[in-house]
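Student: Here you go, sequence then predicted model.
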There are 2 protein chains.
Amino acid sequence: MNTEVCKRFGIEFPLFAFSHCRDVVAAVTNAGGFGVLGAVAYTPERLEEELRWIDDHVNGRPYGVDVLVPGKIDKSAESGGGLDAMLAAIPEEHWTFLTGLFDKYDVPLPDFEKTKHSNARGGTQVTKKGATELIDVSLAHPIGLIASALGTPPPLMVEKAREAGVPVAALVGTSEHARRQVAAGADLIIAQGGEAGGHTGEISTMVLVPEVVDTVAPVPVLAAGGIATGRQMAAALALGASGVWCGSVWLTTEEAETSPAVKEKMLAATSRDTIRSRSRTGKPARQLRSAWTDEWEGPASPGPLGMPLQMIVAEGAMRQITKVAESGNPGARALANYFVGQCVGLMNTVKPARQVVYDMVEEFAGAVERLNAITEED
Amino acid sequence: MNTEVCKRFGIEFPLFAFSHCRDVVAAVTNAGGFGVLGAVAYTPERLEEELRWIDDHVNGRPYGVDVLVPGKIDKSAESGGGLDAMLAAIPEEHWTFLTGLFDKYDVPLPDFEKTKHSNARGGTQVTKKGATELIDVSLAHPIGLIASALGTPPPLMVEKAREAGVPVAALVGTSEHARRQVAAGADLIIAQGGEAGGHTGEISTMVLVPEVVDTVAPVPVLAAGGIATGRQMAAALALGASGVWCGSVWLTTEEAETSPAVKEKMLAATSRDTIRSRSRTGKPARQLRSAWTDEWEGPASPGPLGMPLQMIVAEGAMRQITKVAESGNPGARALANYFVGQCVGLMNTVKPARQVVYDMVEEFAGAVERLNAITEED
């Protein structure tokens, strides 16, 4: 396709794929799109391995990395007190609630004492220090984009990226945020509607994209949120976007890291089966509605903590739940969930990631032909 | 434009305009679109007058009527006990809360004793009996469409419309509803995303439209929710819709019935300034966020009642608030609001309704050209 973004990023289709799975990233890049690895779940050492693997599998084709640098996090995480300060900031009642939940759903308790330390390490990746380490690892690889998924990219990130000649992208949920991100140095804006999976606002893609495009022109804007098909990609470009950024659609691909029990839920889910909930990260994030999200909204819930404390509480628990769900435990299957957008209702078959790209591009062309037939004279 | 819907409904552009204002309906119809009058606010006598006026102003061009026939309403409204049964079902604490609200915001109290009777009459329009009267009045005019805005069109409505040779449309917020509506006899489905103004669900237009199109094919689908520009109209058609149904965009036109204080708020509002709230009708409806919606969500609120009881409580109060807001009363200006979608952020100038149609059509053509340039070979 013939777009500025294709020329600038050296790709055939203006289709960016966000995934935590290196196989998806490489497959999309190799199919002519642009794969972006979500780095937050990785330690710097592990990220280094993942990027080396990608380098070995894309033959110089462009890919990127996405880091989470939230503007506001719990003060214990920035106190310099490290893991222990964060763990000390988690009220006892949250561990009690969690223990009660495992009991109620008949899921064997994980060793929280053990996992809470490794999860607290995960929680440190979203601090400025943690994110900076991930940024340093990323920029040592031949990446074509570095994206900031929450909040304004910190000056240090922009400086380091500039030095390395790597464009900076930023996800936004409002046009005010977009203006701020461009002022902070973002070269590419991702306007993400409230129907998106993961951390998201409330303004829909249909409204947000034209607003943001008008606000930041001539900075290019990718549309995100709800996009899983070629018709939607055509709609996004009709709205004025220069390309699309898709996250959810890869979760049911052959390559995806998604656990089988959750993949099954996603294939069966309709667009009504997601909810914006703070129960996994402490910030509102769209995910499959499950007994987990219901219980955190329920009367016995102590309420989710802030980021990253809720991540520490939730992620060790969800790891155990997902593992136990695989063995068929019905309580664990009821609790299991994962971040996904409303387009989960359109994700009904398992395909290779490469095939998702080709199908989207083909459907895109069909949608443009249909629009042409409408404007043609009889 | 060259679409099935244009041929079938005898229009130039597949652009349907929902409005409570006859001037908007006539202006859109005369500009080549299809105006649809929202009938719920009118008594049968008043509706008769409005439709006669439209007949006199559209010179035989096609227009339609929209009625509200909710599936579920408060049982007092269907009890046969009429106005008195409905009024008796409203707890005293709701009137007390309202009185306190007027006091807090320093707005002169209306005569609730007097207005609650006329508002209860308004409440009866959403009962099966009330809606049937409106349907009878409508079908005696040369209308080209009758739409059901909430719930499945009742068999009687479908039968009467068939007899009169008038197609039936139905608004839906999920693909399950769409399937049910087609089974009940709807000839045209309006898939309305959660970003829409008025009664709305939670699935966004971007996701809902392709889902509903696939579910009910070959029944034509109009896209609604968030659409106020030609780029968005092109996006909707790219998604597979056969046309668009717009409501909010007319509220800031020259012709609109919108009160000046509310129009001012809408022109200044961003896409973040709306909320889905039950505080005006008893069912979740998107509207401007204001002190009114905040107070009904606040700690002193007794909670909104069901439909139509909340309409009776709210509409007399809002009429007074709107009236007093015109005189500059700051409390009334803080409380004043109206139903509108997230696209209120894109509504920044006052134009004639005719001009909105022409601007949308022109921008639509531009969006299609842009898409063509993308798919063309170098």
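Tutor: Noted; the coordinates are in hand.
Student: interface residues of the stretch 1-150 of chain A facing chain B?
Tutor: Taking Cβ under 8 Å from any Cβ of the partner chain as the measure of proximity, the stretch 1-150 of chain A contacts chain B at A:1-3. For the C-beta atoms, the positions are set from N, CA and C on the backbone; glycine is no exception.
Student: Kindly supply the ChimeraX command isolating those of those that are buried.
Tutor: The buried subset of the residues of the stretch 1-150 of chain A next to chain B, as determined by 16 or more other Cβ atoms under 10 Å in any protein chain shown, is captured in ChimeraX by this line:
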select /A:1,3
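Student: What about the residues of the stretch 1-150 of chain A next to chain B, which are in helices?
Tutor: With helices taken from DSSP state H, there is no overlap with the residues of the stretch 1-150 of chain A next to chain B.
Student: Looking at the residues of the stretch 1-150 of chain A next to chain B, which has the smallest pLDDT value?
Tutor: Least confident entry in the residues of the stretch 1-150 of chain A next to chain B, by pLDDT: A:Asn2, with 83.
Student: which one of the residues of the stretch 1-150 of chain A next to chain B is nearest B:Gln320?
Tutor: Proximity of the residues of the stretch 1-150 of chain A next to chain B to B:Gln320, judged by Cβ to Cβ, is greatest for A:Thr3, which lies at 53.8 Å.
Student: Skipping adjacent residues, who's closest to the closest one in space?
Tutor: For A:Thr3, the nearest residue in space outside its immediate sequence neighbours is A:Pro14; the separation is 5.1 Å by Cβ to Cβ, 6 or more residues apart in numbering or on different chains.
Student: And that neighbour, what's its pLDDT?
Tutor: Among the per-residue scores, A:Pro14 shows a pLDDT of 98.
Student: again, but for A:Ala367
Tutor: In this prediction, A:Ala367 carries a pLDDT score of 97.
Student: What's the local residue count around it?
Tutor: Number of residues near A:Ala367 (other Cβ atoms under 10 Å in any protein chain shown) recorded here: 26.
Student: ok, it - contacts?
Tutor: With contacts defined as Cβ atoms under 8 Å, 6 or more residues apart in numbering or on different chains, the neighbours of A:Ala367 are A:230-231, A:233-235, B:238-240.
Student: ok, which pair from those is furthest apart?
Tutor: A:Met233 and B:Gly240 (12.8 Å).
Student: Let me see the ranges of the strands in the stretch 51-200 of chain A.
Tutor: With DSSP state E, counting those that start in this stretch as the definition, the stretch 51-200 of chain A shows strands at residue ranges A:63-67, A:145-148, A:168-172, A:188-192, A:198-199.
Student: taking those together, which one is wrapped up most tightly?
Tutor: strand A:188-192 (a mean of 29; mean count of other Cβ atoms under 10 Å in any protein chain shown).
Student: Report the distance from that strand to the chain centre.
Tutor: Here strand A:188-192 is found 13 Å from its chain centre; the criterion is Cα atoms, centre = their mean, to the nearest Å.
Student: what's the angle from that strand to strand A:63-67?
Tutor: Orientation check (axes from the mean of the first three to the mean of the last three Cα atoms, to 10 degrees): strand A:188-192 against strand A:63-67 gives 60 degrees.
Student: What pairs with strand A:188-192, parallel or antiparallel?
Tutor: Taking DSSP bridges as the criterion, strand A:188-192 forms sheet pairs with strand A:168-172 (parallel), strand A:221-224 (parallel).
Student: Output the ones you listed in a markdown table; the columns should cover mean pLDDT.
Tutor: Formatted as a markdown table, the strands paired with strand A:188-192 follow (pLDDT from 0 to 100):
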| stretch | mean pLDDT |
| --- | --- |
| strand A:168-172 | 96 |
| strand A:221-224 | 98 |
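Student: Out of the ones you listed, flag the one nearest A:Ala300.
Tutor: Judged by Cβ to Cβ, the one of these that comes nearest to A:Ala300 is strand A:168-172, at 33.7 Å.
Student: contact partners of the closest one?
Tutor: Taking contacts as Cβ under 8 Å, 6+ apart, the residues outside strand A:168-172 that touch it are A:64, A:145-150, A:152-153, A:157-158, A:161-162, A:178, A:181, A:184-192, A:212, A:222, A:224, A:245.
Student: what's the residue lying closest to A:Pro108 once chain neighbours are set aside sitting at in phi/psi?
Tutor: Sequence neighbours aside, A:Val324 is the residue nearest to A:Pro108 in space, at 6.4 Å (criterion: Cβ to Cβ, 6+ apart). The phi and psi torsions at A:Val324 (degrees, to the nearest 10) take the values phi -70, psi -30.
Student: For the strands of the stretch 51-200 of chain A, could you give me TSV that also reports distance to A:Ile54?
Tutor: Listed next are the strands of the stretch 51-200 of chain A as TSV, based on distance: least, Cβ to Cβ, whole Å:
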stretch	distance to A:Ile54
strand A:63-67	6
strand A:145-148	13
strand A:168-172	18
strand A:188-192	20
strand A:198-199	21
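Student: In TSV, list the strands paired with strand A:188-192 along with distance to A:Ala367.
Tutor: Output for these, formatted as TSV (distance: least, Cβ to Cβ, whole Å):
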stretch	distance to A:Ala367
strand A:168-172	25
strand A:221-224	14
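Student: Which residues are in contact with the residue nearest to A:Ser76 when sequence neighbours are not counted?
Tutor: In this structure, A:Ser76 finds its nearest non-sequential neighbour in A:Ala89, 3.7 Å apart by Cβ to Cβ, 6+ apart. When contacts are counted by Cβ under 8 Å, 6+ apart, A:Ala89 touches A:74, A:76, A:309.
Student: just A:Ala164 next, same as before
Tutor: If you count contacts by Cβ under 8 Å, 6+ apart, then A:Ala164 has A:Leu139 around it.
Student: picking that back up, got the phi/psi numbers for the residue nearest to A:Ser76?
Tutor: When read as degrees, to the nearest 10, the backbone of A:Ala89 gives phi -80, psi -10.
Student: Relative to A:Glu159, how far out is A:Gly193?
Tutor: Spatial separation of A:Gly193 from A:Glu159 under the definition Cβ to Cβ, to the nearest Å is 30 Å.
Student: The two: which is more packed in?
Tutor: Of the pair A:Gly193 and A:Glu159, A:Gly193 is the one with more neighbours under other Cβ under 10 Å, namely 31 against 12.
Student: Which segments of chain A make up each domain?
Tutor: A:4-73+A:126-251+A:363-373, A:81-123+A:290-335 (automatic domain parsing).
Student: Deepest in the core, which of these is it.
Tutor: Between the domains of chain A, the one whose residues have the most neighbours on average, counting mean count of other Cβ under 10 Å, is domain A:4-73+A:126-251+A:363-373 (a mean of 22).
Student: For A:Ile73, what are phi and psi?
Tutor: Reported as degrees, to the nearest 10, the phi and psi values for A:Ile73 are phi -130, psi 170.
Student: which residues touch it?
Tutor: When the contact criterion is Cβ under 8 Å, 6+ apart, the partners of A:Ile73 are A:126-127, A:306-308.
Student: Just the pLDDT for the residue nearest to A:Ser76.
Tutor: Confidence per residue is given as pLDDT, and for A:Ala89 that number is 93.
Student: Same check on the one 10 residues further on?
Tutor: On the pLDDT scale, A:Thr99 is placed at 94.
Student: what's the answer for the one 4 residues further on, then?
Tutor: Each residue has a pLDDT score; the one for A:Asp103 is 96.
Student: do A:Gly122 as well
Tutor: As predicted, A:Gly122 sits at a pLDDT of 63.
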